[in-house]
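Engineer: Give me the fold of what follows.
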Amino acid sequence: MFCLPPLAAWFFNDPRITRLVIAPSVTFPLRALGSQHTALLLRSMRWMTLQSAGILGHAAGALAGVLVAWKTDLGYWSLVVTTLVANVVTLSSLWATCPWRPSPVNDWSGPRSALHLGAYLTGFGALDFFHRQLDNIIVGSHFGASELGYYSRSYQLMLLPLNLFSGPLSSAIAPSLSRLQNEPQRWRQAFLDALGLVMFLGAGAAACLIAVSGPLIMTVYGPGWEKSVTIFQWLATSLFAGVPMNATGWIYVSLGRTRQMFIWGLMFVPVIGVGFLVAIPYGPVGMAAAYTLVMNLSLIPCFAFATRGTPVSLPDTLRVILPMAGSGSIAAVAGLLFSWPHNHKLVQLFFGATTSGLVYLILAGGIIARANVYAALRNRVATLSSGVIGKAMKRASFHSGSSADEAK
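Structural biologist: So this is what the prediction gives:
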């Protein structure tokens, strides 16, 4: 990264980028210092510890960035401060909560076997990072920093609610599936249950984001960000395919098929790259539309490739994905129709979110109540609900009995 700044400054025609490329690269060794701690916490399923470290780091970084932007004239450097502080605080939390410490390696047989799995996983990670940054690179180089701001901030806002549940669920599901890799039927059912849950949440989030895109952008970013609304709507629509496609990673990792995962990345990244290049004449909105179109067209090939030779089949996954995606699409349209565009932005936000949410819950709830593929998930929800209701009733009876004794 220290060698790239001259090339980056030439590509974007902006000399300010030189130092901006170097400064965030310091986070790479910081993340590496916490990677083994993260893996150990994941393996022991200490999800709350991991999430707490991440939330603490993001909160500290956000606070530091806001203070720097508010109290100094450093401008865009506040974003760099945000990243650096977040990584330092997260690393400190991981080391404080995980007792493992590095030591000399006496037996290299274990690391050698792990490298085969990890090398392909790292390769896919690099490809995935490249494809997620490619649109930003093209928008910044062809349309300038302002248009990149509209595009990148829309993308970040779209991911924010999704990350609230996708991160914790993924950290819980992948280790659980790995423990079932030698029990095909249990693994299949567990994967479909997890896919159903993440699809239910993801499609609902996408529907609400599409429905409230205008008032949400205006509320979060304020006046002057109108260009981001259409971009945000297109990017939010990609979640109907993007959420389940991310779940294919559970298949590859839990079954030790990271080589196939890397091959899929080699096939997918050029396709999405061509989509971006074709969309350049249509500006940032065209880039967002191209991303959504490619993601939706890649859904079936993605699952066909991921499920080949595994206990789960392509039809199994589509029976889970498509009904929820259809429900979310209908709910998004309903929210847009009843968002009351001439009212205050907060009123629009309320009506759009309420309408899309209620329509989605009715449609998705009906599917979950009737479809056989959701039977196991339905039973678990019913068991959980009955347990919560039982505890609430016990507490209520306890408090009423205490009040009666006091009255006597």
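Engineer: tell me which residues in stretch 90-110 are buried?
Structural biologist: Residues 90-94, 98 are the ones in stretch 90-110 that count as buried (16 or more other CB atoms under 10 Å). Where C-beta positions appear, they are placed from N, C-alpha and C, glycine not excepted.
Engineer: quick one: which of those residues is nearest to R132?
Structural biologist: Closest approach to R132 among those (CB to CB): T90, at 20.2 Å.
Engineer: Mind telling me what element the closest one is part of?
Structural biologist: For T90, the host element (DSSP states H and E) is helix 77-97.
Engineer: quick check, distance from that helix to the centre of its chain.
Structural biologist: 20 Å (CA atoms, centre = their mean, to the nearest Å).
Engineer: coming back round to it: and the buried residues of stretch 90-110, which is the shakiest by pLDDT?
Structural biologist: Note: of the buried residues of stretch 90-110, the lowest pLDDT belongs to C98, at 91.
Engineer: which ones are touching that residue?
Structural biologist: C98 is in contact with 37, 40-41, 49, counting by CB atoms under 8 Å, 6 or more residues apart in numbering.
Engineer: that older thread, with the buried residues of stretch 90-110 in mind, which one is nearest to G286?
Structural biologist: Among these, T90 lies closest to G286 (CB to CB), at 36.2 Å.
Engineer: which helices and strands does the helix holding T90 pack with?
Structural biologist: helix 27-43, helix 47-71 (3 or more CB pairs under 8 Å, 6 or more residues apart in numbering; DSSP states H and E).
Engineer: Domain boundaries for this structure, per the record?
Structural biologist: The chain breaks down into these domains under automatic domain parsing: 1-98, 118-400.
Engineer: quick one, which of the ones you listed is nearest to D107?
Structural biologist: Nearest to D107 among these is domain 1-98 (16.3 Å), distances taken as CB to CB.
Engineer: Tell me how far the closest one lies from the chain's centre.
Structural biologist: Relative to its chain's centre, domain 1-98 lies at 18 Å (CA atoms, centre = their mean).
Engineer: Can you measure across it, start residue to end residue?
Structural biologist: Domain 1-98 has an end-to-end distance of 30 Å (criterion: CA to CA, to the nearest Å).
Engineer: And for stretch 272-288?
Structural biologist: 11 Å.
Engineer: average model confidence for that stretch?
Structural biologist: 92.
Engineer: tell me the centre residue of the chain?
Structural biologist: The centre of the chain sits closest to N163, judged by CA atoms, centre = their mean, with a distance of 4.1 Å.
Engineer: so what's the backbone phi/psi at P15?
Structural biologist: phi -70, psi -20 (degrees, to the nearest 10).
Engineer: That one contacts P6, doesn't it?
Structural biologist: No: the pair P15 / P6 is not scored as a contact, 9.6 Å apart, by CB atoms under 8 Å.
Engineer: wait, L197 sits on L169?
Structural biologist: Yes: counting by CB under 8 Å, L197 touches L169, with 7.1 Å between them.
Engineer: Give me the pLDDT for the residue nearest to the centre of the chain.
Structural biologist: Confidence at N163, expressed as pLDDT, is 73.
Engineer: what about it, distance to Y151?
Structural biologist: 18 Å (CB to CB, to the nearest Å).
Engineer: Helix, strand, or coil at V253?
Structural biologist: With DSSP: H, G, I helix; E, B strand; the rest coil as the basis, V253 sits in helix.
Engineer: For it, the count of nearby residues, please.
Structural biologist: 19 (other CB atoms under 10 Å).
Engineer: where does the protein dip in pLDDT?
Structural biologist: For the chain, the stretches with pLDDT under 70 are 164-165, 167, 339-343, 376-378, 380-408.
Engineer: make it 50
Structural biologist: Counting by pLDDT under 50, the chain contains no low-confidence range.
Engineer: quick check: longest helix of it.
Structural biologist: Longest helix in the chain, counting residues (DSSP state H): helix 109-178.
Engineer: hmm, back to that, can you redo the helices and strands packed on helix 77-97 as CSV with mean neighbour count?
Structural biologist: Listed next are the helices and strands packed on helix 77-97 as CSV, based on neighbours: other CB atoms under 10 Å:
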stretch, mean neighbour count
helix 27-43, 15
helix 47-71, 16
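Engineer: Any chance of these in a markdown table with distance to V274 as columns?
Structural biologist: Formatted as a markdown table, the helices and strands packed on helix 77-97 follow (distance: least, CB to CB, whole Å):
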| stretch | distance to V274 |
| --- | --- |
| helix 27-43 | 30 |
| helix 47-71 | 34 |
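Engineer: and among the domains of the chain, the most buried is which?
Structural biologist: Among those, domain 118-400 has the highest mean neighbour count (mean count of other CB atoms under 10 Å), at a mean of 18.
Engineer: Sounds good, over and out.
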